[in-house]
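Peer 1: make a model of this:
(chains A and B)
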Amino acid sequence: AQSVTQLGSHVSVSEGALVLLRCNYSSSVPPYLFWYVQYPNQGLQLLLKYTSAATLVKGINGFEAEFKKSETSFHLTKPSAHMSDAAEYFCAVSSSGGSYIPTFGRGTSLIVHP
Amino acid sequence: IAGITQAPTSQILAAGRRMTLRCTQDMRHNAMYWYRQDLGLGLRLIHYSNTAGTTGKGEVPDGYSVSRANTDDFPLTLASAVPSQTSVYFCASSEGPRETQYFGPGTRLLVL
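Peer 2: Numbers count the residues shown, from 1 in each chain, chains lettered A, B, ... in the order given. Sure, this is the predicted structure:
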(Lines give C-alpha, C1' and ligand atoms only; values in the text may rest on other atoms or scores of the structure.)
Protein backbone atom coordinates (compact mmCIF):
# COMPACT_ATOMS: atom_id res chain seq x y z
CA ALA A 1 0.00 0.00 0.00
CA GLN A 2 1.09 3.58 -0.54
CA SER A 3 -0.15 6.98 0.53
CA VAL A 4 0.86 10.62 0.57
CA THR A 5 0.20 13.36 3.09
CA GLN A 6 0.73 17.01 2.30
CA LEU A 7 0.82 19.11 5.45
CA GLY A 8 -1.03 22.39 5.05
CA SER A 9 -3.66 23.00 2.42
CA HIS A 10 -2.42 26.60 2.09
CA VAL A 11 1.03 28.11 2.51
CA SER A 12 1.53 31.87 2.39
CA VAL A 13 4.94 33.51 1.86
CA SER A 14 6.25 36.92 0.93
CA GLU A 15 7.99 37.46 -2.38
CA GLY A 16 11.69 36.66 -1.90
CA ALA A 17 11.10 34.40 1.10
CA LEU A 18 11.89 30.70 1.39
CA VAL A 19 9.25 28.31 0.10
CA LEU A 20 8.78 25.01 1.97
CA LEU A 21 5.99 22.63 1.00
CA ARG A 22 5.80 19.43 3.04
CA CYS A 23 5.15 15.93 1.75
CA ASN A 24 5.32 12.68 3.71
CA TYR A 25 4.78 9.33 2.09
CA SER A 26 3.99 5.83 3.21
CA SER A 27 5.31 2.89 1.22
CA SER A 28 6.55 -0.53 2.25
CA VAL A 29 8.82 -0.68 -0.78
CA PRO A 30 11.18 1.86 -2.39
CA PRO A 31 9.04 4.57 -3.97
CA TYR A 32 9.16 6.88 -6.94
CA LEU A 33 8.19 10.38 -5.79
CA PHE A 34 6.94 13.31 -7.82
CA TRP A 35 6.04 16.96 -7.38
CA TYR A 36 3.60 18.47 -9.86
CA VAL A 37 2.43 22.08 -10.20
CA GLN A 38 -0.96 23.28 -11.38
CA TYR A 39 -1.45 26.87 -12.48
CA PRO A 40 -5.01 28.27 -12.51
CA ASN A 41 -7.29 26.66 -15.08
CA GLN A 42 -4.57 24.34 -16.35
CA GLY A 43 -3.60 20.70 -16.03
CA LEU A 44 -0.71 19.48 -13.87
CA GLN A 45 2.88 19.57 -15.05
CA LEU A 46 5.96 17.90 -13.60
CA LEU A 47 8.27 19.94 -11.36
CA LEU A 48 10.66 17.14 -10.42
CA LYS A 49 10.86 13.44 -9.59
CA TYR A 50 12.90 11.09 -7.44
CA THR A 51 13.81 7.69 -8.87
CA SER A 52 16.42 6.40 -6.39
CA ALA A 53 19.42 8.11 -7.97
CA ALA A 54 20.45 11.28 -6.08
CA THR A 55 18.51 12.09 -2.90
CA LEU A 56 18.54 15.82 -3.71
CA VAL A 57 16.51 16.39 -6.84
CA LYS A 58 16.54 19.64 -8.77
CA GLY A 59 13.54 20.64 -10.83
CA ILE A 60 12.31 23.46 -12.98
CA ASN A 61 11.88 27.08 -11.90
CA GLY A 62 14.48 26.81 -9.10
CA PHE A 63 12.61 24.20 -7.07
CA GLU A 64 14.30 21.23 -5.42
CA ALA A 65 13.31 18.40 -3.11
CA GLU A 66 15.23 16.07 -0.84
CA PHE A 67 14.33 12.42 -0.33
CA LYS A 68 14.78 11.45 3.34
CA LYS A 69 14.06 7.77 3.85
CA SER A 70 14.43 7.94 7.64
CA GLU A 71 11.74 10.64 7.80
CA THR A 72 9.68 9.27 4.87
CA SER A 73 9.62 12.79 3.53
CA PHE A 74 10.05 14.54 0.19
CA HIS A 75 9.67 18.24 0.98
CA LEU A 76 9.75 20.81 -1.81
CA THR A 77 11.80 23.99 -1.39
CA LYS A 78 12.76 27.13 -3.25
CA PRO A 79 15.16 29.70 -1.76
CA SER A 80 13.31 32.79 -2.98
CA ALA A 81 9.62 32.91 -3.90
CA HIS A 82 8.44 34.77 -6.97
CA MET A 83 4.93 35.98 -7.66
CA SER A 84 4.73 33.57 -10.58
CA ASP A 85 5.16 30.62 -8.17
CA ALA A 86 1.60 31.07 -6.92
CA ALA A 87 -0.11 27.80 -7.83
CA GLU A 88 -1.35 24.47 -6.48
CA TYR A 89 1.36 21.90 -5.77
CA PHE A 90 0.80 18.15 -5.62
CA CYS A 91 3.06 15.44 -4.25
CA ALA A 92 2.63 11.91 -5.65
CA VAL A 93 4.04 8.46 -4.86
CA SER A 94 4.35 5.44 -7.11
CA SER A 95 5.58 2.03 -5.94
CA SER A 96 5.22 -1.66 -6.57
CA GLY A 97 2.95 -1.76 -3.51
CA GLY A 98 0.40 0.17 -5.54
CA SER A 99 1.18 -1.56 -8.84
CA TYR A 100 3.03 1.64 -9.72
CA ILE A 101 -0.26 3.50 -10.13
CA PRO A 102 0.43 6.98 -8.72
CA THR A 103 -1.29 8.19 -5.57
CA PHE A 104 -1.61 11.97 -5.21
CA GLY A 105 -1.74 14.10 -2.10
CA ARG A 106 -4.56 16.59 -1.60
CA GLY A 107 -2.46 19.51 -2.77
CA THR A 108 -1.03 22.67 -1.22
CA SER A 109 -1.97 26.09 -2.49
CA LEU A 110 1.03 28.45 -2.47
CA ILE A 111 0.13 32.11 -2.01
CA VAL A 112 2.85 34.69 -2.66
CA HIS A 113 2.44 38.19 -1.24
CA PRO A 114 4.24 41.18 -2.77
CA ILE B 1 2.91 18.06 -30.97
CA ALA B 2 -0.38 18.63 -29.12
CA GLY B 3 0.26 16.24 -26.23
CA ILE B 4 -3.08 15.46 -24.68
CA THR B 5 -6.36 16.95 -25.81
CA GLN B 6 -9.66 16.74 -23.97
CA ALA B 7 -13.14 17.54 -25.16
CA PRO B 8 -15.36 19.25 -24.34
CA THR B 9 -13.67 22.05 -22.39
CA SER B 10 -16.76 22.45 -20.27
CA GLN B 11 -20.28 21.06 -20.17
CA ILE B 12 -23.54 21.56 -18.30
CA LEU B 13 -25.46 18.31 -18.13
CA ALA B 14 -28.90 17.38 -16.85
CA ALA B 15 -28.98 14.63 -14.25
CA GLY B 16 -29.74 11.25 -15.75
CA ARG B 17 -28.16 12.04 -19.10
CA ARG B 18 -25.33 10.02 -20.63
CA MET B 19 -22.06 11.81 -21.33
CA THR B 20 -18.71 10.81 -22.83
CA LEU B 21 -15.60 12.81 -22.11
CA ARG B 22 -12.99 12.42 -24.81
CA CYS B 23 -9.23 12.14 -24.36
CA THR B 24 -6.62 11.74 -27.10
CA GLN B 25 -2.83 11.65 -26.84
CA ASP B 26 -0.26 11.80 -29.63
CA MET B 27 2.79 10.68 -27.66
CA ARG B 28 2.24 6.93 -28.16
CA HIS B 29 2.20 6.47 -24.39
CA ASN B 30 1.20 3.05 -23.11
CA ALA B 31 -0.57 4.17 -19.92
CA MET B 32 -3.55 6.51 -19.62
CA TYR B 33 -5.55 7.73 -16.63
CA TRP B 34 -8.71 9.58 -15.69
CA TYR B 35 -8.83 11.72 -12.53
CA ARG B 36 -11.42 13.94 -10.98
CA GLN B 37 -10.36 17.03 -9.03
CA ASP B 38 -12.57 18.37 -6.26
CA LEU B 39 -11.81 21.20 -3.85
CA GLY B 40 -10.07 19.89 -0.75
CA LEU B 41 -9.84 16.34 -2.07
CA GLY B 42 -7.03 16.71 -4.58
CA LEU B 43 -6.85 14.32 -7.50
CA ARG B 44 -8.65 11.00 -7.27
CA LEU B 45 -8.11 8.24 -9.81
CA ILE B 46 -11.25 7.01 -11.57
CA HIS B 47 -9.93 4.46 -14.07
CA TYR B 48 -6.63 3.70 -15.72
CA SER B 49 -5.22 1.68 -18.59
CA ASN B 50 -1.67 0.31 -18.62
CA THR B 51 -1.85 -0.59 -22.31
CA ALA B 52 -4.34 -0.69 -25.17
CA GLY B 53 -7.00 -3.32 -24.58
CA THR B 54 -6.74 -3.30 -20.77
CA THR B 55 -8.36 -1.13 -18.11
CA GLY B 56 -8.44 -1.02 -14.33
CA LYS B 57 -10.45 0.60 -11.57
CA GLY B 58 -9.09 3.41 -9.49
CA GLU B 59 -10.19 4.91 -6.20
CA VAL B 60 -13.60 6.23 -7.33
CA PRO B 61 -14.83 4.14 -10.30
CA ASP B 62 -18.56 3.93 -9.50
CA GLY B 63 -20.77 5.57 -12.12
CA TYR B 64 -17.98 5.71 -14.70
CA SER B 65 -16.77 3.41 -17.44
CA VAL B 66 -13.82 3.51 -19.83
CA SER B 67 -12.54 1.73 -22.91
CA ARG B 68 -9.11 1.56 -24.55
CA ALA B 69 -9.61 0.32 -28.09
CA ASN B 70 -6.32 1.83 -29.30
CA THR B 71 -3.20 3.53 -27.94
CA ASP B 72 -4.30 7.10 -28.53
CA ASP B 73 -7.87 7.32 -27.19
CA PHE B 74 -9.26 6.80 -23.69
CA PRO B 75 -12.90 7.98 -23.42
CA LEU B 76 -14.66 8.25 -20.06
CA THR B 77 -18.43 7.63 -19.99
CA LEU B 78 -20.96 8.65 -17.37
CA ALA B 79 -23.88 6.33 -18.03
CA SER B 80 -26.44 8.33 -16.02
CA ALA B 81 -25.01 11.53 -14.58
CA VAL B 82 -25.69 12.58 -10.98
CA PRO B 83 -24.95 15.94 -9.31
CA SER B 84 -22.10 14.42 -7.25
CA GLN B 85 -20.25 13.91 -10.51
CA THR B 86 -19.89 17.68 -10.86
CA SER B 87 -16.13 18.10 -10.98
CA VAL B 88 -13.11 18.91 -13.11
CA TYR B 89 -11.92 15.85 -15.00
CA PHE B 90 -8.31 15.40 -16.09
CA CYS B 91 -6.94 12.85 -18.48
CA ALA B 92 -3.25 11.95 -18.26
CA SER B 93 -0.80 9.65 -19.99
CA SER B 94 2.66 8.22 -19.31
CA GLU B 95 5.11 5.88 -20.99
CA GLY B 96 4.53 3.46 -18.15
CA PRO B 97 2.97 3.36 -14.66
CA ARG B 98 6.09 4.62 -12.85
CA GLU B 99 6.92 7.36 -15.34
CA THR B 100 6.08 11.06 -15.48
CA GLN B 101 2.44 11.76 -16.23
CA TYR B 102 1.38 14.34 -18.81
CA PHE B 103 -1.97 15.99 -18.19
CA GLY B 104 -4.61 17.41 -20.46
CA PRO B 105 -6.22 20.83 -19.85
CA GLY B 106 -9.28 19.33 -18.14
CA THR B 107 -13.04 19.21 -18.67
CA ARG B 108 -15.29 21.16 -16.30
CA LEU B 109 -18.56 19.30 -15.81
CA LEU B 110 -21.63 20.63 -14.02
CA VAL B 111 -24.47 18.17 -13.44
CA LEU B 112 -27.78 19.76 -12.51
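Peer 1: run through the bridge partners of residue 88.
Peer 2: Defaulting to chain A. Each beta-bridge partner of A:Glu88 is listed here: A:Gln38, A:Ser109, as defined by DSSP bridges.
Peer 1: actually chain B
Peer 2: B:Gln37, B:Arg108.
Peer 1: residues near it, how many?
Peer 2: Residues near B:Val88, counting by other Cβ atoms under 10 Å in any protein chain shown, number 17. Bear in mind the C-beta positions are built from the backbone N, C-alpha and C, glycine included.
Peer 1: confidence score at it?
Peer 2: What the model reports as pLDDT for B:Val88 is 97.
Peer 1: test my guess that it contacts B:Arg108.
Peer 2: Yes - counting by Cβ atoms under 8 Å, a contact exists between B:Val88 and B:Arg108, whose distance comes to 5.2 Å.
Peer 1: which residues touch the closest residue to B:Ser10 other than its chain neighbours?
Peer 2: Computed as Cβ to Cβ, 6 or more residues apart in numbering or on different chains, the closest residue to B:Ser10 that is not its neighbour in sequence is B:Arg108, at 4.1 Å. The contact partners of B:Arg108, taken as Cβ atoms under 8 Å, 6 or more residues apart in numbering or on different chains, are B:Thr9, B:Ser10, B:Gln11, B:Val88, B:Tyr89.
Peer 1: against A:Pro40, how distant is B:Arg108?
Peer 2: 13 Å (Cβ to Cβ, to the nearest Å).
Peer 1: model confidence for A:Tyr100, exactly?
Peer 2: According to the model's per-residue confidence, A:Tyr100 sits at a pLDDT of 83.
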